[in-house]
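In: I'd like to go over a predicted model; first the sequence, then the structure.
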Amino acid sequence: MSTDVARVVRLASWRRARSSGGGAGYGGPTWQGRAMVATEAPSRRASLHVNSIRRHWQRDRRDHFRNVNGSRSVKLDGQLCGLFAVDIAGFNGWQRDDDIRMYIHKSLYEMMQAAFDRSEVPWSGCAHEDRGDGVLVVVPPTIPAAGLVDPIPDRLRGLIRRHNRVSCEAAHIQLRVAAHVGPVHHDGHGFVGQDVSLLYRLLDARSLKRMLSESRAEVAFIASSYLYENVVLRRPSLIDPALFQRLAVQVKETRTRAWAYVPGALSEAAAEAKRMRGFGGNCSPPNRNGGRPVTPGTQAKMSPACGCSARAAGLRPSQAVVM
């Protein structure tokens, strides 16, 4: 009898003995089962070993989490974690009733989960706490914080853009987003600590609210100085540091500096310039100057990044007057 046939016979005998309760009186494996294990192929033993290591790794990773108030929270005491918070602008505005608030609240969580999962920062691997009109997300130390800078903010912008397109005006969402890295503590009720408070001071900065309101964009993103210096500047391939503006943050007792930008603003400005170039090379639409062409003596209103009006007037872009 060949070796393979012998193994099949021993396996069948072991299974039959276990199903019938025969063999060892204590319910353990019979001699056939022990013999089968002893003669398992090396590839099978290697596969079992790999699976065992994977299970232990996953269990060790889950040990960092506990369920608190129905949501996952990190079992940490001062470890450095990524911090990510969002806030819906005008959530309690007069134009919204409770039905709309519940709708956009649910939509926010769906978009957050999609944005994180598409950015290699698994939503199920993070802790998140509801803040009424926003969400606090704590990213464990095992996951890089670079994803909080890019691409999560841009993913959120795309999802919100689609949401706003299919929703009524009262259900449109503008989102303020803040990111930081710092030590995190959990007291059994929620996340506390100076860095969590700093994150929400950044989120409530008037300069950030003004930036979002004036841009009419879907998302305005603000990063702490620590995150900007250690992630944005050191990894410019993620996002161009020149896109960020330095903002003064003065909220309650906090006085600090941070860096903010509007995701997608540069591409939208380029699209607007391209649209304007469709008006015969002039940045201004027809009749913007009363239907008269731009002349060297005319002060042309033009985009700071475009000099086509000046070229149409026979001027160098540096000679044009920017209004």
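Out: Nice, thanks for sending it over.
In: residue ranges with poor pLDDT in the stretch 201-323 of the chain?
Out: The model of the stretch 201-323 of the chain has pLDDT under 70 over residues 266-323.
In: what about the strands in it?
Out: Along the stretch 201-323 of the chain, the segments classed as strands by DSSP state E, counting those that start in this stretch run 219-224, 245-251, 254-261.
In: list the buried residues for the second one?
Out: Under the neighbour-count criterion of 16 or more other C-beta atoms under 10 Å, strand 245-251 has 247, 249, 251 buried. Backbone N, C-alpha and C define where each C-beta goes, glycine included.
In: repeat for the last one
Out: Going by neighbour count (16+ other C-beta under 10 Å), the buried part of strand 254-261 is 258-261.
In: Arg206: what's it in contact with?
Out: Taking C-beta atoms under 8 Å, 6 or more residues apart in numbering, we find Arg206 in contact with 250-251.
In: Serialize the strands of the stretch 201-323 of the chain to TSV and add fields for distance to Gly90.
Out: As requested, the strands of the stretch 201-323 of the chain are exported to TSV (distance: least, C-beta to C-beta, whole Å):
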stretch	distance to Gly90
strand 219-224	13
strand 245-251	18
strand 254-261	19
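In: which one of the buried residues of strand 245-251 is nearest Asp154?
Out: Set against Asp154, the nearest of the buried residues of strand 245-251 by C-beta to C-beta is Leu247 (19.7 Å).
In: next one: Leu83 from Pro140, what distance?
Out: Between Leu83 and Pro140 the distance is 11 Å, computed by C-beta to C-beta, to the nearest Å.
In: of those two, who's got more company?
Out: Per other C-beta atoms under 10 Å, whichever of Leu83 and Pro140 has more neighbours is Leu83, with 28 against 19.
In: wait, the more buried one sits on Asp195?
Out: Yes. The pair Leu83 / Asp195 is scored as a contact, 6.4 Å apart, by C-beta atoms under 8 Å.
In: okay, and the common contacts of those two?
Out: 180-182, 184.
In: most neighbours among these, please name it.
Out: Top of these by neighbour count (other C-beta under 10 Å): His180, with 27 neighbours.
In: circling back to that earlier point, okay, the buried residues of strand 245-251 in CSV with distance to Ser107 next?
Out: Below are those laid out as CSV (distance: C-beta to C-beta, whole Å):
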residue, distance to Ser107
Leu247, 28
Val249, 29
Val251, 27
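In: and which of those is nearest to Asp99?
Out: Closest to Asp99, out of all of the buried residues of strand 245-251 and judged by C-beta to C-beta, is Val251, at 31.6 Å.
In: surely that closest one is in contact with Ser207?
Out: No. Val251 lies out of contact with Ser207 (C-beta under 8 Å); the separation is 10.1 Å.
In: ranges for the helices of the chain?
Out: Using DSSP state H, the helices of the chain run over residues 3-20, 31-38, 42-62, 98-117, 152-166, 194-203, 206-215, 225-227, 265-277, 308-312.
In: can you tell me what sits against the fourth one?
Out: Just to be clear, that refers to helix 98-117. With contacts defined as C-beta under 8 Å, 6+ apart, helix 98-117 is touched by 86, 88, 91-92, 96, 122-123, 126, 128, 133-135, 137, 147, 152, 155-156, 159-160, 163, 167-168, 170-171, 173, 175.
In: so of those residues, which ones are in strands?
Out: Among those, the members found in strands (DSSP state E) are 86, 88, 128, 134-135, 137, 175.
In: among those, who's most crowded?
Out: Val86 (26 neighbours).
In: how close does Ser224 sit to Leu80?
Out: 13 Å.
In: shared neighbours of these two, which are they?
Out: What both Ser224 and Leu80 touch, as defined by C-beta under 8 Å, 6+ apart, is the set Val181.
In: of these two, who's got more company?
Out: The neighbour count for Ser224 versus Leu80, taken as other C-beta under 10 Å, is higher for Ser224 (25 against 14).
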